[in-house]
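Chemist: Quick one, what's the 3D model for this:
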Amino acid sequence: MDMDIGTLRTLAENAAKDGDAEKAAELWCRIIALRPRDAIAYYKYGNALKNLAQLSAALENYDTAISLDPSYSNAFCNRGVVLEQLGRIEDAAESYQSAIALNPGDALSQYNRGTVLVELGRLDEALQSFDAAIAIAPNYAEALCNRGNVLKELKRWDAALADYDRSIEIHPGFAEAYFNRGLLRQSRKEAAAALADLDKAVEINPRHVTALWNRGVLLGVLQQWDAALASIDAAIAIAPECVEAHFNRAEALVQMKRPAAAVESYDRVSALAPTTPYLIGNRLFAKLNVCDWRSLDADLQRLTADFTDKGSKTVPFHFLALTDDPSLQERAARSWVTSEYPPDETLPSIVQDSADRRIRLGYFSADFGNHPVSLLAAELFETHDRSRFDVIAFSFGPAMRDPMRARLERAFDRFIDVSGMTDEEAALLARSLGIDIAIDLGGHTGGARTGIFALRAAPIQINYLGYLGTMGADYMDYVIADRTVITAETEPYFTEKIIYLPDTFQVNDRKREISPRVFRREELGLPANGFVFCCFNSSYKILPATFASWMRILTRVPGSVLMLVAGDGTLEANLRAQAEQHGVEANRLVFAGRLPPPEYLARYRAADLFLDTLPYNAGATASDALWAGLPVLTCLGKTFAGRMAASLLKAIELPELITHTRQEYEELAVTLAANPARLAAIKSRLEKNTSTSPLFDTTRFTRTLEKAYAGIHGRALARRPPSHIDVQ
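Modeler: Sure thing, here's the model as predicted:
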C-alpha cells in the first residue's frame, strides 16, 4: 500500500511539473481516497483544481487541508489566491494574514497581501506588506515594482522611481516595471523619458495592451497624433473589447479634428461599458461638432443626472453650449471640481506680503499662440504699466511655433514654459517668484491645469477670458466680467466674487492685421447676387433652435445664403440635410475653409450680417467681425456665454443689434436684409465707433483692469476677504 501511494505521489508531482493539471488532479484524488486525512494531498489537489480554474472546488480542498493541519501556511496562502480570484478580496487579505502569522518569513504571502490591500485602498498597510516581502527577499523584483506603485499613489515620487529602477536592474526584461515607471514619468511631465519606458515595455511584450494605449495617450500629449492613433489601434487589434483603448481612440480623433470618427469609437465604448466616466458628455460634444442632434435632449438629461454630491465625470465646458440655465452650469462646474480638482492642501497656506514692490501678475494658459485667447489678449500683455506691474507668463500648452507665440514671448517680462512641471512644481514656482495675482486664462477648457490653482499658486486667483462661466471652485477668488454678462439675478450662480468692468469684460487687440485682399464672391462659393449672412462660430455652438431660426430667416429673404465654417464633411452633410428638412435648398449653405488670420478677417467683408448663436454666443468671432466692419446680430441669453456678444455690442455702441427673443432676432435679421440703407447706416457707425468706442481701446481697458488688480491686491494686503467690486 505504501509503495502504491509513493508511486502515485511521484506521478502526481511529475504531472504538476509538466503542466498537466488534469492528470495531477486525477492522481491526487486517488491518493485522497486512499489517505483521507492527508493534508498535503488536499493542498496539492487544491493546487491542481486552481490551475484548472475550478475555484470553488479548490477552495474546499484548501479548507480541508487547513482543518487537518491548522499550521499549514502554504494552504492559507494559496487559499488567499483563490479567494482573490473569486472576488472575495477582504477574505483573501485575511487568509494571507493567517499565512504570515504562521510563517513571518513567507515573502510570497507578504507580497500577495500587499496586492489585495492595494485593491482595497489600504495603501499604508500595503506598503508595510511590500516592505516586509522585500526585507525577506531583497531581489524580489515584482514586490519592488508594486511597492513603487503604492509610493506613486502616495505621491512619494522619488522613492517610487527608485523602486522601479531597482526592479529593472534586477530583472531587465520586466515589462511591467518599465510600464509603471513610464506612467510615473508621465505624471511628472517627463514626456520623453516616459515614452522611452513605454516603448521598452512594448518591445519586451508586444501584446502589452495597457502599455500600447497609454503610449498612444502620451504620443497625443506630444502632439504626435498619427503615431498615437496607431498605438491605440494596435492595442485594439490585440484586445478588441478594451474599453480604455476605444475611449482614448475617440479622444485622439477629436483632437485630430475627426469628430464623426470619434463618435463611432465612443459608440463602441457605449456598447462595451455604458457607464464609463466622461462617456456621455464627450460623445455628445463630439456629435455637436458635426451638428448631429439625434437624441440631444435625452443625452442632456443623462448628463444632468450624473451630478452628485461626490462629483461627476462630465466636463463643465460642455454645458456652456448646451444650456442657457446658469444654475445648471454652476452645478456642472461644482460637481466637476468636487470630483476632479478639490482643494489640495499639500502646500502651506499663502498670504499677501508685497506692499513695497510692484504687483506681480502671473498669466497661466495652455493657449499662448495662434488661439482666440491670445489673439484677444496679446496687446493687454504688452500694454501693462511696467512701473506698477511685473507681468509673467506660465505656459503649459504645446510649444506653438507661430508669429503670435513669438510676439507673446516678447510681451511678457518673463515667459516660463511649465509644461514639463507637475502641478505642485508649477505652483511652487509661482510662489517662489512672488506672484500676487494668478490669472487663469483657460478655466475648464482644453489643456487646463486646474490642479495648479487647487494648490494655490498665488494669494489671489482669477478666472478670466477663456472660460465663460463659473469655475465652481472656492479657490478661485474672482471672475472678470461686466454688468451685461453677469446680472444681479445670475450673480448667485458664481462661486467667485465678481470684478465688474465698466465697458466690457473682453479685451481686444488693436494690432490685428486685416489683409487688403478683396474676396470675389465666386472664390468663396457664394452666388453672384443675394444677401450673405454668416456665422463663423464653432459648430458645437449651433443647436437646433438656432439653426431653425436661421432657416426661417433664409426662407423669408429670397436669394440669401448662410456662410459657415467648414468641417470634416460630415458637418456639411448633416447641416445640408437639416436645411432640406426645413424646406431650404442645401446649396444655400456655404462652407468656408480655414485661412491665415489676416485673410480670415478680410473674408468677413464679403458678408452682409453676422448671425450669432445661442446659448453660447460669439466672443472672439464677434470681435473679429466687428473689427472687420461687419455688424453682429445677437439674441440675449441668461448665462455669461449667452450674453457676451451683447456686452461687445454695448461697448461699441450698437445696442440696437441686441435682441431679446428668437422672434425679435429673426425679424431684425429679415428687416436689415430688406433695408440696405438702414444696414449701411449701421455699418457706417460701426466703422466710426471702431476707433472711438471702448471696445477696441486697449489702453483704456488695460488701465481699468489694472485698477481692479490694484484694488483686490489692496484688499488682500489689508487681510480683507474677496468681495464683488465695480470698477469705475
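Chemist: Could I get the buried residue list for the host helix or strand of Ala245?
Modeler: Element membership of Ala245, judged by DSSP states H and E, is helix 243-255. Neighbour-count burial for helix 243-255 flags Val243, Glu244, Ala245, His246, Phe247, Asn248, Arg249, Ala250, Glu251, Ala252, Leu253, Val254 (criterion: 16 or more other Cβ atoms under 10 Å). Using the backbone N, CA and C atoms, a C-beta is placed for each residue, glycine as well.
Chemist: which residues touch that helix?
Modeler: For helix 243-255, contacts defined as Cβ atoms under 8 Å, 6 or more residues apart in numbering pick out 209-210, 212-213, 216-217, 220, 225, 228-229, 232-233, 235-236, 239, 259, 261-263, 265-266, 268-269, 272-273, 276, 278-279, 282-283, 285-286, 289.
Chemist: and that helix, what's its mean pLDDT?
Modeler: Across helix 243-255, the average pLDDT comes to 98.
Chemist: Just the C-alphas of it, formatted as PDB.
Modeler: Extracted in PDB, the C-alpha atoms of helix 243-255 (Å, rounded to 0.1, in the frame of the first residue of the first chain):
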ATOM      1  CA  VAL A 243     -12.800  49.900 -23.200                       C
ATOM      2  CA  GLU A 244      -9.900  52.300 -22.300                       C
ATOM      3  CA  ALA A 245      -8.400  51.800 -25.800                       C
ATOM      4  CA  HIS A 246     -11.600  52.600 -27.600                       C
ATOM      5  CA  PHE A 247     -12.200  55.600 -25.400                       C
ATOM      6  CA  ASN A 248      -8.800  57.100 -25.900                       C
ATOM      7  CA  ARG A 249      -9.100  56.400 -29.600                       C
ATOM      8  CA  ALA A 250     -12.100  58.600 -29.600                       C
ATOM      9  CA  GLU A 251     -10.300  61.300 -27.600                       C
ATOM     10  CA  ALA A 252      -7.400  61.200 -30.100                       C
ATOM     11  CA  LEU A 253      -9.800  61.500 -33.100                       C
ATOM     12  CA  VAL A 254     -11.400  64.600 -31.500                       C
ATOM     13  CA  GLN A 255      -8.000  66.200 -31.300                       C
END
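Chemist: Centre of the chain to stretch 26-36, how far?
Modeler: Between the centre of stretch 26-36 and the centre of its chain there are 59 Å (Cα atoms, centre = their mean, to the nearest Å).
Chemist: same question, stretch 131-138
Modeler: Stretch 131-138 has its C-alpha centroid displaced from the chain centroid by 39 Å (Cα atoms, centre = their mean).
Chemist: Which positions in it come out as buried?
Modeler: Buried-residue list, stretch 131-138, by 16+ other Cβ under 10 Å: Ala132, Ala133, Ile134, Ile136, Ala137.
Chemist: Which ones among the residues you listed map onto helices?
Modeler: Judged by DSSP state H, helices contain the following of the buried residues of stretch 131-138: Ala132, Ala133, Ile134, Ile136.
Chemist: Now the last one: closest residue in space that isn't a chain neighbour?
Modeler: In this case it means Ile136. Ala107 (4.1 Å; Cβ to Cβ, 6 or more residues apart in numbering).
Chemist: and that neighbour, backbone torsions?
Modeler: For Ala107, the backbone dihedrals (degrees, to the nearest 10) come out as phi -60, psi -40.
Chemist: Please apply the same query to Leu361.
Modeler: phi -100, psi 140.
Chemist: Quick check: bridge partners of it?
Modeler: According to DSSP bridges, the residues that bridge with Leu361 are Val391, Ile437.
Chemist: Could you tell me how many residues sit around it?
Modeler: Counted with other Cβ atoms under 10 Å, the neighbours of Leu361 add up to 26.
Chemist: Gly530 too?
Modeler: 16.
Chemist: Mind giving me the packing neighbours of the longest helix belonging to the chain?
Modeler: Assignment by DSSP H gives helix 698-717 as the longest helix of the chain. Helix 698-717 sits against strand 359-365, helix 372-383, strand 437-440, strand 460-463, strand 478-482, strand 497-501, strand 725-726, with contacts defined as 3 or more Cβ pairs under 8 Å, 6 or more residues apart in numbering; DSSP states H and E.
Chemist: quick one: that helix to chain centroid distance?
Modeler: On Cα atoms, centre = their mean, the centre of helix 698-717 falls 31 Å from that of its chain.
Chemist: okay, now Ala192: neighbour count?
Modeler: Neighbours around Ala192, by other Cβ under 10 Å: 10.
Chemist: hang on, it is in a strand, isn't it?
Modeler: No: Ala192 is assigned helix when assessed by DSSP: H, G, I helix; E, B strand; the rest coil, not a strand.
Chemist: List the contacts of it.
Modeler: By Cβ under 8 Å, 6+ apart, the contact set of Ala192 is empty.
Chemist: Using TSV, lay out the buried residues of stretch 131-138 together with distance to Ala620 and pLDDT.
Modeler: Output for the buried residues of stretch 131-138, formatted as TSV (distance: Cβ to Cβ, whole Å; pLDDT from 0 to 100):
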residue	distance to Ala620	pLDDT
Ala132	59	98
Ala133	57	98
Ile134	56	98
Ile136	63	98
Ala137	61	98
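Chemist: just those residues now: which is nearest Gly711?
Modeler: Nearest to Gly711 among the buried residues of stretch 131-138 is Ile134, at 57.3 Å by Cβ to Cβ.
Chemist: any idea how far Val337 is from the spatially most central residue of the chain?
Modeler: Centroid-nearest residue in the chain: Gly446, 6.0 Å away (criterion: Cα atoms, centre = their mean). Separation of Gly446 from Val337 (Cβ to Cβ, to the nearest Å): 17 Å.
Chemist: got it, and Leu654?
Modeler: For Leu654, the distance to Val337 equals 37 Å [Cβ to Cβ].
Chemist: Who has more neighbours out of those two?
Modeler: Legend: neighbour count by other Cβ under 10 Å for Leu654 and Val337, higher for Val337 (25 against 20).
Chemist: could you redo the helices and strands packed on helix 698-717 as CSV and give each row mean pLDDT?
Modeler: Listed next are the helices and strands packed on helix 698-717 as CSV, based on pLDDT from 0 to 100:
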stretch, mean pLDDT
strand 359-365, 98
helix 372-383, 98
strand 437-440, 98
strand 460-463, 98
strand 478-482, 98
strand 497-501, 98
strand 725-726, 98
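Chemist: can you put the ones you listed in JSON lines and add distance to Arg678?
Modeler: Below are those laid out as JSON lines (distance: least, Cβ to Cβ, whole Å):
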{"stretch": "strand 359-365", "distance to Arg678": "41"}
{"stretch": "helix 372-383", "distance to Arg678": "30"}
{"stretch": "strand 437-440", "distance to Arg678": "41"}
{"stretch": "strand 460-463", "distance to Arg678": "39"}
{"stretch": "strand 478-482", "distance to Arg678": "28"}
{"stretch": "strand 497-501", "distance to Arg678": "31"}
{"stretch": "strand 725-726", "distance to Arg678": "35"}
